[in-house]
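[1] quick one: sequence and predicted model below, then my questions.
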Number of protein chains: 2
Amino acid sequence: MIDEKTAVSTRTRILDISRDLFGSQGYGSTSIAQIAEKLGTSKAALYYHFKSKEEILDALLNEPFEAMKDFRDSCTKPGVSAEDILGGLIDAMAGPASCLAAFETDPSVLQEWADRHDLHKEWDKLVSCLAGPRPTQGKIISARAAMAAAKQGTKTALELNDGKLTKNARAEILAAALRTLG
Amino acid sequence: MIDEKTAVSTRTRILDISRDLFGSQGYGSTSIAQIAEKLGTSKAALYYHFKSKEEILDALLNEPFEAMKDFRDSCTKPGVSAEDILGGLIDAMAGPASCLAAFETDPSVLQEWADRHDLHKEWDKLVSCLAGPRPTQGKIISARAAMAAAKQGTKTALELNDGKLTKNARAEILAAALRTLG
DNA sequence: GTCTATAAGGGGATAGAC
DNA sequence: GTCTATCCCCTTATAGAC
């Protein structure tokens, strides 16, 4: 009989360690050997839980990506304001999609995962929600700038507060991002 | 007698090709073999011009980094406005420091180059210029958000206009970034 | 579930001929 | 300046014992 509890918790530990290392060193520059070392086992043991390095990346990003797509869907409904969109973006970046935000600038992740999942297209849909129908170039620029402001603001706030997004900081970020939009 | 003209132009071609590949695939995921292939020579030939892969990265980033530091110095002078800083940032991102902007999100570059050169500290100095003395957390957040808005806005404008920053786009980006700051 | 050992391949870099 | 051939290390991944 398989020890399910151990399997699950080891799997979770692998994901935690990998999230950490991928985030700080990048996906491509992190080796299975490094993960195994932090895990305290051999590389082969790790391959019992994940059949490839890419599968670890998938496991780390699939949930955040689904959360992000759900959010994107909610933004296309009628009566959604810019405040809803940018506020939702902040909350996503601080919570369910934080891993996505941390990894998506890594070229090795872009190559191995983001291209395959059309991440770029998903972000573009959000830009369209903010810029409105038949947007001018100026609208597109300020929409993208506002999203960048929200993302960077959230990242900064999390850094300054041990990974916690305070109500105050959230309000500051949202206000700044809304100003960006104009 | 060494053929200096050929040496120089080959060196330049290597840098152009590397800038391209590093930008699209990331530094760590780009191999010397790939560069040599696009160059149309062997790997060994490439090593005649650069003694290591890291030296190529250095050659690509040193000038942009100096330009960025010069700009940062100019921002600490008295009487410099937020408009000067954000406008200068846009111009730097669109011109002399564009390579820096394109590479600095790559974790493999951060590890091999940015840490060694304290890039993070340099950006922080700019943040301080924008946030003012003894800044509140809100000031820091909006300063960082404004810089992110300027960077992303510039990137977007360049994408939409074949790498050219039009006067109009520059004005739009600057206005958006200034609004972000509040 | 975890181990040791090893396969199979790619990476950066060098030697020495031309 | 460029070539072929090669070295050596590190990487992902697997085989098979325990």
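    Good, I have the coordinates. Residues are numbered from 1 along each chain as shown, chains lettered A, B, ... in the order given.

[2] kindly provide the whole-number mean pLDDT of the host helix or strand of A:S74.
    A:S74 is part of helix A:53-75, with elements assigned from DSSP states H and E. The average pLDDT within helix A:53-75 is 97.

[3] excluding chain neighbours, give the residue nearest to the residue positioned nearest the centre of chain A in space.
    Residue closest to the average C-alpha location in chain A (C-alpha atoms, centre = their mean): A:L100, at 1.7 Å. Closest residue to A:L100 apart from its sequence neighbours, by C-beta to C-beta, 6 or more residues apart in numbering or on different chains: A:P64 at 4.1 Å. Backbone N, C-alpha and C define where each C-beta goes, glycine included.

[4] report how many residues lie close to that neighbour.
    Neighbours of A:P64 under the rule other C-beta atoms under 10 Å in any protein chain shown: 20.

[5] quick check: it vs chain B, distance?
    Shown here: A:P64 relative to chain B, a distance of 18 Å by C-beta to the nearest C-beta, to the nearest Å.

[6] chain center to the host helix or strand of the residue nearest to the centre of chain A, what's the gap?
    Using DSSP H and E, A:L100 sits in helix A:98-103. Its chain's C-alpha centre and that of helix A:98-103 lie 3 Å apart, by C-alpha atoms, centre = their mean, to the nearest Å.

[7] the helix or strand following that helix close to chain B?
    For helix A:98-103, the following helix or strand on the C-terminal side (DSSP H and E) is helix A:107-109. Yes. Using C-beta under 8 Å from any C-beta of the partner chain, a contact is recorded between helix A:107-109 and chain B, made by A:P107, A:S108.

[8] roughly how far is helix A:107-109 from the heart of the chain?
    The answer for helix A:107-109 is 14 Å, by C-alpha atoms, centre = their mean.

[9] next: stretch A:59-71.
    8 Å.

[10] are that stretch and DNA strand D in contact anywhere?
    No. Residues of stretch A:59-71 contacting DNA strand D under C-beta under 7 Å from any atom of the strand: none, with a closest distance of 12.9 Å.

[11] and the contacts of that stretch?
    The contact list for stretch A:59-71, computed with C-beta atoms under 8 Å, 6 or more residues apart in numbering or on different chains, reads A:15, A:18-19, A:22, A:50, A:88-89, A:92, A:96-100, A:103, A:109, A:113, A:117, A:119, A:122.

[12] pull out the buried residues from that stretch.
    Using 16 or more other C-beta atoms under 10 Å in any protein chain shown as the test for burial, stretch A:59-71 gives A:A59, A:L60, A:L61, A:P64, A:F65, A:A67, A:M68, A:F71.

[13] and for stretch A:117-128?
    Applying 16+ other C-beta under 10 Å to stretch A:117-128 flags A:L119, A:E122, A:W123, A:L126, A:V127, A:S128 as buried.

[14] looking at those, spot the one nearest DNA strand C.
    Nearest to DNA strand C among those is A:L119, at 23.9 Å by C-beta to the nearest atom of the strand.

[15] please name the nearest non-neighbouring residue to that closest one.
    Excluding the flanking residues, the one nearest A:L119 by C-beta to C-beta, 6+ apart is A:E104, at 6.4 Å.
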